[in-house]
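**Q** coords please:
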Amino acid sequence: MKKASLTALAVLAVLALSAWAVDVSGTWIMSTPGRGGEMRESEIVITQDGNAIKVTMTMPGPPGGEARTIEAEGTVEGNAIQWKASFETPRGEFTMEYKGTVDGDTMKGTTMRMDRETEWTAKKKV
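**A** As a prediction, this is how the structure comes out:
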């Protein structure tokens, strides 16, 4: 009986933590600094299933080049969000890791690009 009660309590705790994750689903406009320091905007779409997220990022291409769409997966725990996006370049695979916090309709955080950390912000598109 005691074991069943502890198991039930553990399940309720896990469900409560899952429910506590903020809702980040929707379309966001992300701002990141470009190579020359100018701010570049890109659109990201996030779908959420509990704490799991799927992120579709539309990133501007190089000057004169086409934009690229990148699919990524990540998590939301409480108001902390993270995802990792990888894509192929002429120099091989390139991975960007995004970590941040959510505050209502805004997010902010950092991303690792090669061995350089940069800051990003995002606002939910209305």
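**Q** residue boundaries of the helices in the protein?
**A** 2-20 (DSSP state H).
**Q** mind jotting down where the strands sit in it?
**A** 26-33, 39-49, 52-59, 68-77, 80-89, 92-103, 106-113, 116-124 (DSSP state E).
**Q** point out the most buried one among those.
**A** Comparing the strands of the chain by mean neighbour count (mean count of other Cβ atoms under 10 Å), strand 52-59 comes out on top with a mean of 17. C-beta coordinates here come from the backbone N, C-alpha and C atoms, glycine included.
**Q** any chance of the strands of the chain in JSON lines, plus mean pLDDT?
**A** Shown next, in JSON lines, are the strands of the chain (pLDDT from 0 to 100):
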{"stretch": "strand 26-33", "mean pLDDT": "94"}
{"stretch": "strand 39-49", "mean pLDDT": "93"}
{"stretch": "strand 52-59", "mean pLDDT": "92"}
{"stretch": "strand 68-77", "mean pLDDT": "93"}
{"stretch": "strand 80-89", "mean pLDDT": "89"}
{"stretch": "strand 92-103", "mean pLDDT": "91"}
{"stretch": "strand 106-113", "mean pLDDT": "91"}
{"stretch": "strand 116-124", "mean pLDDT": "93"}
